[in-house]
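In: Just need the structure, nothing else, for what follows:
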Amino acid sequence: MKPQVFVDFSLGKTISVWEKLKVDFRATATNVFNHYNWLTTRFNANAFDPNFGTVQPQFNSSLDTVPRVIQLGVRVLW
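Out: Purely as a prediction, here's the structure:
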């Protein structure tokens, strides 16, 4: 398994409108900082190439990093 750096974040707030009516607000974010996985990056290691040490994007998979996902939700409780 390739190592990943993830930071997930969640906020929630319940507001009481009346005695029996409540509204619940929620926000959840997965992979908040959306870090690039440098441990799976392929660099140009040919010392005689003018692009020595640069990243070779054609060999890097876009599946190496998980996208940032943000979800918002509202729930009414009575």
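
In: how far away is the residue of the chain positioned farthest from its centre from Leu77?
Out: Most distant from the centre of the chain: Glu19, at 38.3 Å, with distances by Cα atoms, centre = their mean. According to Cβ to Cβ, to the nearest Å, Glu19 stands 12 Å off from Leu77. Where you see a C-beta, it was placed from the backbone N, CA and C, and this is true even at glycine.

In: again, but for Thr14
Out: Separation of Thr14 from Leu77 (Cβ to Cβ): 8 Å.

In: Residues in contact with both of the two, list them for me.
Out: Here Thr14 and Leu77 have 22-24 as joint contacts, going by Cβ atoms under 8 Å, 6 or more residues apart in numbering.

In: Filter these down to the ones in helices?
Out: Among the shared contacts of Thr14 and Leu77, no member falls in helices (DSSP state H).

In: from these, which single one is nearest Asn44?
Out: Set against Asn44, the nearest of the shared contacts of Thr14 and Leu77 by Cβ to Cβ is Asp24 (51.8 Å).

In: With adjacent residues omitted, what lies nearest to the closest one?
Out: Leaving aside its sequence neighbours, Asp24 sits nearest to Arg75 (Cβ to Cβ, 6 or more residues apart in numbering; 4.2 Å).

In: any idea how far that neighbour is from Glu19?
Out: To Glu19, Arg75 is 18 Å away according to Cβ to Cβ.

In: Perfect, I'm done here.
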